[in-house]
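Asker: Predicted model and sequence below, questions to follow.
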Amino acid sequence: MASLQYYLLQLTIFLLSLHQNLCFPSKQTLVLPLKKTLGPPPHRASLQLSSSSTSRLPFHHNVTLTVTVSVGSPPQKVTMVLDTGSELSWLHCKRAPNLNSIFNYQSSSSYVPIPCSSPVCRTKTRDLTNPVSCDPKKLCHAILSYADASSIEGNLAYETFVIGSSARPRTIFGCMDSGLSSHSEEDAKTTGLMGMNRGSLSFVNQMGFPKFSYCISGFDSSGVLILGDANVAWLKGINYTPLVVRSDPLPYFDRVAYTVQLEGIKVGAKMLPLPKSAFEPDHTGAGQTMVDSGTQFTFLLGPVYTALKTEFIQQARGILKTLDEPNFVFQGAMDLCYRVESTRTGLPELPRVSLMFRGAEMSVSGEKLLYRVPGVLRGRDSVYCFTFGNSDLLGIEAFVIGHHHQQNVWMEFDLVNSRVGFAEVRCDLAGRRLGMGL
């Protein structure tokens, strides 16, 4: 009888745990502000469901997109980089001279480390960039690697995350205690990273939201993140492109990224003379097109970049003065730069660049085409660089659509219907309409 009671007790605990993990958020609307901030490096992408609730958060952005949430019991406020190119969310958990903000897990009563014998450690981590391992205390240990050669490592754990007014217990995240970065000053300005890709451990999948959206202002550092269905009457004209989903493992294909099919590029009214095969992944998976909020600019594989650069130079001739310095390459991959008089209040009219996806189009024009290089002058001229770069120079075997070109575009990531949507919107006004007061 005692053994039967013990069995029933264990079964009850299991069912309660299962219920807790499968329950979706209550039906509510929460909007979170996003911020542009001088955070981690600009190409931080990782190379590697049924709820009607909505959470809205504001964010801010400058180099990275950041969102502020509360974690632990009692809650600690943390700032996390929003990254659709990464799966596992993580926080800095160990004090270091270069870190301004950490999560103090020792003071949280809801922090539970995950042992390496756990099914979570053994099976749910298969899409991470590196295999997990056991640390000396038999805890699940992860090392995450990023495209800019930085890395971070620590243990997986359960913790309570508070989104808006809702507490989400037993959220899996990485409590990181060491790492390698060449951008320590920027890293110090955030507490961690919020992984938002399609992997089972991503923040959006753990929260059970069927979709999420964000809108990044092109006029200031504000934005808004919506977890769940936005459901706003004034949002119209969203064009959708289907996700490219593959189940077979390929060495250079990230199966849990938001991969879409780029089919062509126009400069002005002229389509680049490239075959569609130039934009398609090869037999190794190299050449996928990823929509990534964790990367600042857009990067194209060498032959496509060269064709775009050549055509843009041709159409911009007589409008802008090129920087004739062959060795000047901004951020290691952007080698088309111009000299612009520092006294100018704006850029001249430039040819529009249109990214043609299957069923949708993203237009890049005006200020989004060129980026002023901070602190660099040539005589009285500022230096501006073309905001498309060469993936080959970064060692990335992919096309990456960065958040600079997503400004003033409503970006919707629909996990249930496996699609990404675009709509041109004044994102500063969208934030006000959503009650953010941005």
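Answerer: Yes, it's here. For clarity, every value in this text was computed on a predicted model and none was experimentally measured. Numbers count the residues shown, from 1 in each chain.
Asker: Now G395: closest residue in space that isn't a chain neighbour?
Answerer: For G395, the nearest residue in space outside its immediate sequence neighbours is A147; the separation is 7.8 Å by Cβ to Cβ, 6 or more residues apart in numbering. Glycine gets a C-beta too; all of them are placed from N, C-alpha and C.
Asker: Quick check: the gap between the one you found and W234.
Answerer: Distance check for A147 against W234: by Cβ to Cβ, to the nearest Å, it reads 37 Å.
Asker: same thing with L139?
Answerer: Distance check for L139 against W234: by Cβ to Cβ, it reads 48 Å.
Asker: More neighbours: these two, which one.
Answerer: The residue with the greater number of neighbours, taking L139 and W234 and applying other Cβ atoms under 10 Å, is L139; the counts read 20 against 8.
Asker: Pull the contacting residues for that one.
Answerer: If a contact means Cβ atoms under 8 Å, 6 or more residues apart in numbering, then L139 has P113, I114, P115, C116, N155, L156 as its contacts.
Asker: From V224, how far out is the closest residue in space to G435 that isn't next to it in sequence?
Answerer: Spatially, and ignoring its direct neighbours in sequence, G435 is nearest to V31 (6.5 Å; Cβ to Cβ, 6+ apart). Summarising the geometry, the distance separating V31 from V224, computed by Cβ to Cβ, is 6 Å.
Asker: Please apply the same query to I401.
Answerer: Looking at I401 against V224, where the rule is Cβ to Cβ, the gap reads 20 Å.
Asker: out of those two, which sits in the busier spot?
Answerer: A side-by-side neighbour count of I401 and V224, using other Cβ under 10 Å, places V224 first with 30 against 27.
Asker: and the residue lying closest to that one once chain neighbours are set aside, what pLDDT?
Answerer: With sequence-adjacent residues excluded and distances taken as Cβ to Cβ, 6+ apart, V224 is closest to G431, at 4.6 Å. Model confidence at G431, expressed as pLDDT, equals 78.
Asker: do Y338 as well
Answerer: With respect to pLDDT, Y338 has a value of 96.
Asker: so where does it fall, helix or strand?
Answerer: strand 337-341 (DSSP states H and E).
Asker: If you count contacts, what does that strand end up packed against?
Answerer: Judged by 3 or more Cβ pairs under 8 Å, 6 or more residues apart in numbering; DSSP states H and E, strand 337-341 is in contact with strand 321-322, strand 370-378, strand 381-386.
Asker: how about a cut-off of 6 Å?
Answerer: The criterion is 3 or more Cβ pairs under 6 Å, 6 or more residues apart in numbering; DSSP states H and E, and the helices and strands that strand 337-341 contacts are strand 381-386.
Asker: what's across from I216 in the sheet?
Answerer: G223, Q407 (DSSP bridges).
Asker: Now do the contacts for it.
Answerer: With contact set as Cβ atoms under 6 Å, 6 or more residues apart in numbering, I216 has these partners: H61, G223, Q406, Q407, C427.
Asker: List the beta-bridge partners for the residue nearest to G435.
Answerer: I226.
Asker: Now do N130, the pLDDT please.
Answerer: Per-residue confidence for N130 comes out at a pLDDT of 88.
Asker: Could you do the one 3 residues further on as well?
Answerer: Looking at S133, its pLDDT stands at 95.
Asker: give me the number of residues near it?
Answerer: As a burial measure, S133 scores 13 neighbours (other Cβ under 10 Å).
Asker: List the residues that contact it.
Answerer: The neighbourhood of S133, defined by Cβ under 6 Å, 6+ apart, consists of H141.
Asker: Need the residues that contact the helix or strand in which N205 is found.
Answerer: N205 is part of helix 203-207, with elements assigned from DSSP H and E. Taking contacts as Cβ under 6 Å, 6+ apart, the residues outside helix 203-207 that touch it are S89, T171, M194, G195, M196, F212.
Asker: mind listing the strands for the stretch 101-250 of the chain?
Answerer: Using DSSP state E, counting those that start in this stretch, the strands assigned to the stretch 101-250 of the chain run over residues 112-113, 133-134, 140-145, 151-163, 166-180, 192-195, 211-216, 223-227, 239-242.
Asker: Out of the ones you listed, which gets nearest to S70?
Answerer: Taking Cβ to Cβ, strand 151-163 is the member of the strands of the stretch 101-250 of the chain nearest to S70, at 4.0 Å.
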